[in-house]
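1. Let's see this in three dimensions:
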Amino acid sequence: MKHDYIYFCHDNQGNNVPLATGSTSDLQLVLWLNQQEKETIIPKKWASKELFVRVNEENFIVKNRS
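-> Next comes the predicted model:
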């Protein structure tokens, strides 16, 4: 099953700001990123913000993969 996803952060007003999109059949690759992958997606000015992903109408916090 293929899943479309959108990575996003929240701005200072709490609005979702999309950062990257894609699709995959392996949700592990979407929900678990290493630090370098996260730094590639999140703009440096937002380095301290949490990264979220929306998959199939549900929002998740993206966790670090060790």
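2. Spit out the contact partners of residue 56.
-> 3-4 (C-beta atoms under 8 Å, 6 or more residues apart in numbering). Just so you know, the C-beta spots here come from the backbone N, C-alpha and C atoms, and that holds for glycine as well.
3. shaky segments in the chain?
-> 46-48, 64-66 (pLDDT under 70).
4. Name the single longest helix found in it.
-> Counting by DSSP state H, the longest helix found in the chain is helix 35-41.
5. Report the strands that pair with the helix or strand just after it, each with its relative direction.
-> Going down the chain from helix 35-41, the next helix or strand is strand 52-55, by DSSP states H and E. Strand pairing for strand 52-55, determined by DSSP bridges: strand 3-10 (antiparallel), strand 58-61 (antiparallel).
6. who touches strand 52-55?
-> In this structure, residues lying in contact with strand 52-55 by C-beta under 8 Å, 6+ apart are 3-10, 16, 27, 30-31, 59-62.
7. and which of those residues is nearest to residue 41?
-> residue 7 (5.3 Å; C-beta to C-beta).
8. Number of residues surrounding the closest one?
-> 20 (other C-beta atoms under 10 Å).
9. Give me the buried positions along the one helix or strand residue 29 maps to.
-> Taking DSSP H and E as the criterion, residue 29 maps to helix 27-31. Residues of helix 27-31 classed as buried: residue 30 (neighbour count, 16 or more other C-beta atoms under 10 Å).
10. likewise stretch 5-13?
-> 5, 7-9.
11. ok, now stretch 24-43?
-> Counting neighbours by 16+ other C-beta under 10 Å, the buried set in stretch 24-43 is 30, 33, 38, 41-42.
12. Widest-spaced pair of those residues?
-> 30 and 42 (14.9 Å).
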